[in-house]
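Colleague: can you look at this prediction? I've put the sequence above it.
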Amino acid sequence: MRTPRRRRFAAAQALLPAAMLVAGCSGTGGSGGGEPGLGVIEANPPTAALSFPMDAYTDTDAERLRMGQVQQTLVSRCMARYGFTYAGVRSVEPSGTGGTEDRHRYLFGLADPALAAAHGYDKSATGDRPAVKPPAPQLTDSEYLVMNGEQRGAQGGNAPDAATEEEAAQVDSGLTTAGQKVPPGGCAREAFRKLYAPVKGSVDLLFTFGLASEAHERSRQDSRVVDMLKNWSACMSKSGYDGIRTPYDVVEKLGLESDKAGPKAVTAAKADVACKREVNLVGIWAAVEKAYQDRLVDEHAETLALYKTQREARFKLAASLA
């Protein structure tokens, strides 16, 4: 059986004061079409306090780092079966503030007045940098074959592979080392399958990420968010920053890429956050996004339940390897 190799590794209508609003008067609600009704819209909530339905199905940064380390441990154990010592690529956790993780800190762009005043748009100053992954160790030709399930220099995408570890038992890689068959896709793919796709019916690792992304895209098109962004943009214009339509455009539109923490960036960031608070951007957008996530969770309840069970199994496997 030969299958192509998979390489995954990879509403306010006017400017609002800071007041509590209760929505539900706009939108059709329900799980069908139309804009969903909203619950309570909080007044400028801190991003650390935001909670979304999909949070229950997605890993924190610490959990993602841990799973990456577990995957490398599985690779190392696989390589050891063929007589190779492989320490793996160990990501170095970025230095943060040491506080509770704020997983939604930049979901709607910069929103913290203190961060804006101190660091402008420089995320690295708050520890919000991806984990640092050192270069992979150099492999001999034999090690490369066992790691990747193909000869060095082979045309990628044609080697036998398997979608799950269960399926891998029936797939012949056509390669042998140290008197043993090399697993389809090599140790790299075996480790991935053991952790994320052990059996038929394993839910794709990116499934929940896709749902969260879909909810966010739907929220961006929602009339209540569209109206609120118009108000935010108008506020930015009054502050001297014309033509900026969304918070995601500020750095590029103002040419701040090379100096995100300089005086110009700090001044813009302070105006940006002030305008967000004036129109209650985080409160409104979070309520709308939550409503779309609720809808998607209902629509995909069965698959999400299976995913949650499989995610818990991954955590148990990680604990057993500690």
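Modeller: In hand now; what should we look at? Residues are numbered from 1 along each chain as shown.

Colleague: what are the ranges of the strands in the stretch 151-300 of the chain?
Modeller: Secondary structure of the stretch 151-300 of the chain (DSSP state E, counting those that start in this stretch): strands at 176-177, 180-181.

Colleague: quick check: which of these is nearest to residue 213?
Modeller: When these are compared by Cβ to Cβ, strand 180-181 sits nearest residue 213, at 38.5 Å. All C-beta atoms are positioned from the backbone trio N, CA, C, and that covers glycine.

Colleague: neighbouring strands - and their directions - for that closest one?
Modeller: According to DSSP bridges, strand 180-181 forms sheet pairs with strand 176-177 (antiparallel).

Colleague: avg pLDDT for the partner strand?
Modeller: The predicted model assigns strand 176-177 a mean pLDDT of 92.

Colleague: pull the distance from that strand to the chain's centre.
Modeller: 37 Å (Cα atoms, centre = their mean, to the nearest Å).

Colleague: contacts for stretch 269-285, please.
Modeller: For stretch 269-285, the surrounding residues in contact (Cβ atoms under 8 Å, 6 or more residues apart in numbering) are 11-12, 15-16, 18, 21, 41-45, 47, 50, 108-113, 115-117, 119-121, 219, 224-225, 228-229, 231-232, 235-236, 239-241, 247, 250.

Colleague: quick check on those: which are buried?
Modeller: For these, a neighbour count by 16 or more other Cβ atoms under 10 Å gives the buried set as 11-12, 16, 21, 41-45, 47, 50, 108-112, 115-116, 119-121, 219, 224-225, 228-229, 231-232, 235-236, 239, 241, 247, 250.

Colleague: in CSV: the strands of the stretch 151-300 of the chain, plus mean neighbour count.
Modeller: Formatted as CSV, these follow (neighbours: other Cβ atoms under 10 Å):
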stretch, mean neighbour count
strand 176-177, 13
strand 180-181, 12
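
Colleague: just send those strands back as JSON lines, with distance to residue 277 too.
Modeller: Shown next, in JSON lines, are the strands of the stretch 151-300 of the chain (distance: least, Cβ to Cβ, whole Å):
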{"stretch": "strand 176-177", "distance to residue 277": "61"}
{"stretch": "strand 180-181", "distance to residue 277": "61"}
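
Colleague: of all those strands, which one is nearest residue 87?
Modeller: Closest approach to residue 87 among the strands of the stretch 151-300 of the chain is made by strand 176-177 (19.3 Å; Cβ to Cβ).

Colleague: can you tell me what sits against the closest one?
Modeller: The contact list for strand 176-177 (Cβ under 8 Å, 6+ apart) reads 82, 142, 145-146, 182.

Colleague: switch the cut-off to 6 Å
Modeller: Here strand 176-177 makes contact (Cβ atoms under 6 Å, 6 or more residues apart in numbering) with 82, 146.

Colleague: same deal with stretch 197-209?
Modeller: Outside stretch 197-209, the residues that touch it by Cβ under 6 Å, 6+ apart are 57-58, 164-166, 196, 306-307.

Colleague: relative to residue 264, which of those residues is nearest.
Modeller: Closest to residue 264, out of all of the contacts of stretch 197-209 and judged by Cβ to Cβ, is residue 58, at 34.9 Å.

Colleague: how many residues are close by the closest one?
Modeller: Residues lying near residue 58 (other Cβ atoms under 10 Å) number 15.

Colleague: now the residue nearest to it when sequence neighbours are not counted: how far from residue 293?
Modeller: Excluding the flanking residues, the one nearest residue 58 by Cβ to Cβ, 6 or more residues apart in numbering is residue 208, at 5.4 Å. Distance from residue 208 to residue 293, counting by Cβ to Cβ, to the nearest Å: 11 Å.

Colleague: for residue 215, same thing?
Modeller: For residue 215, the distance to residue 293 - Cβ to Cβ - is 4 Å.

Colleague: to residue 257, which of the strands of the stretch 151-300 of the chain lies closest?
Modeller: Per Cβ to Cβ, nearest to residue 257 of the strands of the stretch 151-300 of the chain: strand 176-177, 47.1 Å.

Colleague: please enumerate the helices of the stretch 151-300 of the chain.
Modeller: Applying DSSP state H, counting those that start in this stretch to the stretch 151-300 of the chain gives helices spanning 165-168, 186-196, 207-221, 223-238, 250-253, 263-278, 281-299.

Colleague: tabulate the ones you listed (JSON lines), appending mean pLDDT and distance to residue 74.
Modeller: Below are the helices of the stretch 151-300 of the chain laid out as JSON lines (pLDDT from 0 to 100; distance: least, Cβ to Cβ, whole Å):
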{"stretch": "helix 165-168", "mean pLDDT": "95", "distance to residue 74": "11"}
{"stretch": "helix 186-196", "mean pLDDT": "97", "distance to residue 74": "4"}
{"stretch": "helix 207-221", "mean pLDDT": "97", "distance to residue 74": "21"}
{"stretch": "helix 223-238", "mean pLDDT": "98", "distance to residue 74": "42"}
{"stretch": "helix 250-253", "mean pLDDT": "98", "distance to residue 74": "39"}
{"stretch": "helix 263-278", "mean pLDDT": "98", "distance to residue 74": "42"}
{"stretch": "helix 281-299", "mean pLDDT": "98", "distance to residue 74": "31"}
